[in-house]
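Chemist: just need the structure, nothing else, for what follows:
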Amino acid sequence: VNEDLLKTFAYTARGELAPINAVIGSVAAQEVTKACTGKFTPLFQWLYFDAVECLPEDTEKLYQGDCTPRGDRYDAQVAVFGRDFQDKLGKLKYFIVGAGAIGCELLKNFAMLGVGAGEGGNITVTDMDIIEKSNLNRQFLFRPWDVKKPKSETAAAAVAKMNASVHITAHQVRVGPETEHVYDATFYEGLDGVANALDNVEARRYMDRCCWHYQKPLLESGTLGTNGSVQVVVPHLTERYTHYQAPSEKPIPMCTLRNFPSAIEHTLQWARDMFEGEFSQAPETAKQYLTGMRKMEEILKLPNQQDVDTLVILKSALVDDCPRSYADCVAWARRHWQDQFQNQILELLHYFPPDLRMSNGAPFWSGTKRCPHHLVFDAENELHLDYIYAAANLKAEVYGIRQVRDRLKTKDLVAGVSVAPYLPRPKLKTTTHAVSDQMEKLSLSNLLEVIPPPESLTGVSITPLTFEKDDDYNMHIDFIVAASNLRAANYNIEPADRHKSKRIAGRIIPAIVTSTALVSGLVSLEMLKVTQGHKDIARYKNSEFNLGLCRFCVVEPEPAEENTYNEVKWTLWDRFEVEGELTLEEFLQHFKENHGLEVTMVSAGRFTIHSTLIPKTERNRRRTMKITDILKEVMQEASKDEDHATADDPQRGESPQWGTSQQSDVNQQRAQGGPLLGAVLMLDLCADDRQGQDVDVPHVRYSVSR
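Modeler: From the prediction side, this is the model:
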């Protein structure tokens, strides 16, 4: 008999923890669902679950703490951890990023545990989304009357009803570089930890970078149907979130989307791309031109024929297809229908006839290549009219024209639209964007002649649309469904109903409340370990599970990898601390004298401050300059090129990692050349050790006095 375990069990048997209930309850609820539906694999054995690692590393603390009941809501967990630890939970300051399915469950568990319910404690939750009807089945803090309300504020109000003692602050702010004036160094340095409840990898990586920068614990989790995972990141102990690279979604080849679709997923992606191109990207380009954000001289400097692409878009948006009335919008929709579902198919068959054979004698149209057929417009066909009705109203919304939600009137208008007959083009382009088809006819000079200056278009107002799947009134899904099913009809693909189309095109990840309850319970258990400050990595657990298959995998986190320079061991959590502004010469000398390193390159994000590859005269000039002055200069020189590239490639590069600066201030100062406002910079180094070998070294935390 393990007497220590038996003694521990005896001392904690009277206790009860909300996260344990969430874990066991979610498994039990999934089993009930299996019994009712006959779906998935039932649990047909004993299931044991324990979280003994949550208890203090020194078990003697269990027997010495004050576990006396006081008749309050925390007596059950005080019986496990003691009153001192309960007080510690109350003083915690946690940041929950996201108030969706997992966020709601985390807020509930944290409130039940008393996190942020004591003096000085607080939970900050942020989510910029509003509640939609489709959220209600799994985001249990919301009710039907909460639809269209902010998620964060509504969730905070619901939590306050559960535990009125919890101090909770609700924000509707996106986490990202653009909001670093809200979530700055003062904010992060006051936190005890961060719990992610996000639905995209980009935001997760950003939060991981912030937690690494400010040395804060990160509790990461996610679900996909009955699958779920939990990862705990502990400073100076485990690897970061980005150490674990999840497989990315495989994109559909462009040639498949444009010419050879074989599944409804292909036609839906094609329709979604069409929506983005016609109602979001092209209008955004035109709007930037109209408002002066992109001037003609800047467009002409774009590389790789991007200037011609952009001018073709402007010609279409401001000249050829610029409507003045709803009737114009209907006419545009009819011509667009003709081009997409008849002319382009006839063009494809003109060059690849149905009886075409390859050099080996095999038919070209075989395997996954479905031979298409063109459609003939019929206003009596509901699907044909669906497309015209949705496309015309979306076009009207983009141009600020009053919409007409009257199918009969739209039907009458489309009957009066004439379309040009199909004429084969001299050359087929099978992999380029649709606008490229016009490049052969219009030279750059022709385009410049027909595009009017912005000041002559004062009556034109353009508002790009942002795809929103959950608003049934905005006609976004109506357009996607109609376009996809018409495309499917071209290729004899089984059409999809509105529900399936919405799920695929909206990239809705099926989520169920049992999975979210389980991950939030496991996250909350890891939070208890982090709060106690466990130093033994074996006590922390990363988890993966599939409730549908009754598969549970619990492993220890990967320890932070150790590196060495000059016999000094370090991990990704270590950094060099440099206090106060230095010249480049002083900076380089500091590392040579104090760390035995010959620095060969210094950079901040993608901006190079010092490099042995820079011409010697320029290196010598910079040596007497302060680090921030060099960075200012480099950023200012790069700003013009970046401004050209940003509109076409918003993912280009990373900005320097700032500790307290507002990103907008950084952008302004980059353009104006004024003093940088950040108090802390994260710098990267390349360096040689005492033996002259190139070695990896920690980042530099460069603190600048204001």
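Chemist: is the residue lying closest to Ala117 once chain neighbours are set aside in a helix, a strand, or coil?
Modeler: Ranked by C-beta to C-beta, 6 or more residues apart in numbering and with sequence neighbours excluded, the top spatial neighbour of Ala117 is Ser165, at 4.0 Å. (Glycine included, C-beta is placed from N, CA and C.) Put simply, Ser165 is coil when judged by DSSP: H, G, I helix; E, B strand; the rest coil.
Chemist: how much space between Ser165 and Asn21?
Modeler: 20 Å (C-beta to C-beta, to the nearest Å).
Chemist: what about the stretch 351-500 of the chain, any weak spots by pLDDT?
Modeler: 426-444 (pLDDT under 70).
Chemist: and for Glu577, the neighbour number?
Modeler: Glu577 has 10 neighbouring residues, counting by other C-beta atoms under 10 Å.
Chemist: scratch that, His590
Modeler: Other residues within reach of His590, judged by other C-beta under 10 Å, total 16.
Chemist: tell me if I'm right that it and Glu579 touch.
Modeler: No. Counting by C-beta atoms under 8 Å, His590 does not reach Glu579; the two are 10.5 Å apart.
Chemist: returning to that earlier point: so what's the residue nearest to Ala117 up against?
Modeler: By C-beta atoms under 8 Å, 6 or more residues apart in numbering, Ser165 lies in contact with 90, 114, 117-118.
Chemist: of those residues, closest to Lys287?
Modeler: Lys287 has its nearest neighbour among the contacts of Ser165 in Ala117, at 47.7 Å by C-beta to C-beta.
Chemist: what is the neighbour count of that closest one?
Modeler: 25.
Chemist: the one 5 residues further on now?
Modeler: Neighbour count for Asn122, taken as other C-beta under 10 Å: 20.
Chemist: ranges for the strands of the stretch 601-706 of the chain?
Modeler: Here the stretch 601-706 of the chain has its strands, by DSSP state E, counting those that start in this stretch, at 607-611, 657-658, 680-688, 694-695, 699-703.
Chemist: tell me the angle of the first one relative to strand 680-688?
Modeler: Right, the one you point to is strand 607-611. 40 degrees (axes from the mean of the first three to the mean of the last three C-alpha atoms, to 10 degrees).
Chemist: list of residues touching strand 607-611?
Modeler: Identification of contacts with strand 607-611 by C-beta under 8 Å, 6+ apart yields 584, 588, 599-603, 614, 619, 622, 627, 630-631, 634-635, 638, 656, 683.
Chemist: so which of those residues are in helices?
Modeler: Secondary-structure check on the contacts of strand 607-611 using DSSP state H: residues within helices are 584, 588, 619, 622, 627, 630-631, 634-635, 638.
Chemist: if I look at Tyr387, how far off is Val417?
Modeler: Distance of Tyr387 to Val417, computed by C-beta to C-beta: 13 Å.
Chemist: just to be sure, Leu314 is in a helix?
Modeler: Yes. With three-state DSSP as the criterion, Leu314 is part of a helix.
Chemist: that one reaches Ile451, doesn't it?
Modeler: Yes. Judged on C-beta under 8 Å, Leu314 makes contact with Ile451 at a distance of 5.3 Å.
Chemist: the two: which is more packed in?
Modeler: More crowded of Leu314 and Ile451, by other C-beta under 10 Å: Leu314, with 23 against 19.
Chemist: before we move on, the earlier item: compare Tyr387 and Val417 (neighbour count), which wins?
Modeler: Set side by side, Tyr387 and Val417 show more neighbours around Tyr387, with 25 against 18, by other C-beta under 10 Å.
Chemist: OK, contacts around the closest residue to the more buried one other than its chain neighbours?
Modeler: Nearest residue to Tyr387, sequence neighbours excluded (C-beta to C-beta, 6+ apart): Ala482, at 4.0 Å. Residues counted as contacts of Ala482 (C-beta under 8 Å, 6+ apart) are 383, 386-387, 390-391.
Chemist: ok, 7 Å please
Modeler: Residues in contact with Ala482 (C-beta atoms under 7 Å, 6 or more residues apart in numbering) are 383, 386-387, 390.
Chemist: what about the strands in the stretch 351-500 of the chain?
Modeler: Counting by DSSP E, counting those that start in this stretch, the stretch 351-500 of the chain contains no strands.
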